[in-house]
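S.K.: Give me a model of this one.
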Amino acid sequence: DNEDLGWMAGIWSYLKEGVLPEDKDEAQKIRMRSAKFIIIGDEEVHQGICGMHSGARSMATRVLRAGYYWPTLKSNYQAHVQKCKECQQFGNAHRQPPETLHHMMSAWPFSQWGMDILGPFPPAKGQLKFLLVAIDYFTKWIEACPLAKITTENVRKFTWKNIICRFGIPHALVTNNGR
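M.R.: Predicted coordinates for the structure are as follows:
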C-alpha cells in the first residue's frame, strides 16, 4: 500500500519492484535517494521511516532477527554505514586523545604564513576544483587562489605573486607538504 508511505512511495516501488516514474528527472532523483535505503522482508533497515540511521551492529541485529544471515553480514553493513553521507557527517566522531595546544607566535604582520590546499570540490568553470589558501598568523589575512591541478609550479607562482611580491619574504611558511 504505497499511499501510506508518503514521500518514500517512489523509493519503495523502485527498491521492491524496480518501477520508476516516466519523468526522467524524477526517476534519477529516486535512483540517487534509493542508495540510502535497504529493504529486507518489507522493512526498511538503515534509515528507517524516522531517519534514525542505525549503526552497523544494530542493522545486523535487525536483519538477524528478521531471519536472514550471510557470513559477511556485519562487514557488509559496516561498509554501508561508512558510505552513508549522513552517518559520516552527523554520527559520533572517533576522536584522538587530547593533546596540549601549542601557541604559534608571529613577531610581526606577514612574517609567518600557514598554507594549505582544500578540495577536491565539484569542478567549477575552467575545471577549477582545488583551493590554495595562505593565512598570515599575525593578522589572519587570507590569500586564496582556485586551481584546476595541484602542481609545484602552481604553488610556486601563487607564493611569489600573492605573498612575496605583496608582503615581502616571510620569516616562515608553514605547510603539511600537500598531505
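
S.K.: What's the first helix or strand after the lowest-mean-pLDDT helix or strand in the chain?
M.R.: Comparing every helix and strand of the chain by mean pLDDT, DSSP states H and E singles out strand 43-44 as the least confident one, with a mean of 55. Beyond strand 43-44 on the C-terminal side, the first helix or strand identified by DSSP states H and E is helix 56-65.

S.K.: That next one packs against which elements?
M.R.: helix 73-83 (3 or more C-beta pairs under 8 Å, 6 or more residues apart in numbering; DSSP states H and E). From N, CA and C alone the C-beta is placed, and that goes for glycine too.

S.K.: I would like the residues contacting the helix it packs on, please.
M.R.: With C-beta atoms under 8 Å, 6 or more residues apart in numbering as the test, helix 73-83 has contacts from Ile38, His46, Gly55, Ala56, Arg57, Met59, Ala60, Val63, Leu64, Trp70, Cys87, Gln88.

S.K.: what's the burial count for the last one?
M.R.: Neighbour count for Gln88, taken as other C-beta atoms under 10 Å: 11.

S.K.: which one is it nearest to, not counting chain neighbours?
M.R.: Gln82 (7.1 Å; C-beta to C-beta, 6 or more residues apart in numbering).

S.K.: Name the spans of the chain whose pLDDT lies under the cut-off.
M.R.: Regions of the chain meeting the criterion pLDDT under 70 cover residues 1-8, 36-54, 89-97, 178-179.

S.K.: Break it down into its structural domains.
M.R.: Domain assignment for the chain, taken from automatic domain parsing, gives 2-90, 112-174.

S.K.: Could you export these as a markdown table, including distance to Met105?
M.R.: Supplementary listing: the domains of the chain in a markdown table, determined by distance: least, C-beta to C-beta, whole Å:
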| stretch | distance to Met105 |
| --- | --- |
| domain 2-90 | 35 |
| domain 112-174 | 8 |
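
S.K.: So which of these is nearest Leu101?
M.R.: Each of those was checked against Leu101 via C-beta to C-beta, and the shortest separation belongs to domain 112-174, namely 14.2 Å.

S.K.: hey, where'd the helices end up in the protein?
M.R.: Secondary structure of the chain by DSSP state H: the helices cover 9-17, 24-34, 56-65, 73-83, 85-90, 152-158, 165-167.

S.K.: Against Leu132, how distant is Cys145?
M.R.: Cys145 sits 5 Å away from Leu132, going by C-beta to C-beta, to the nearest Å.
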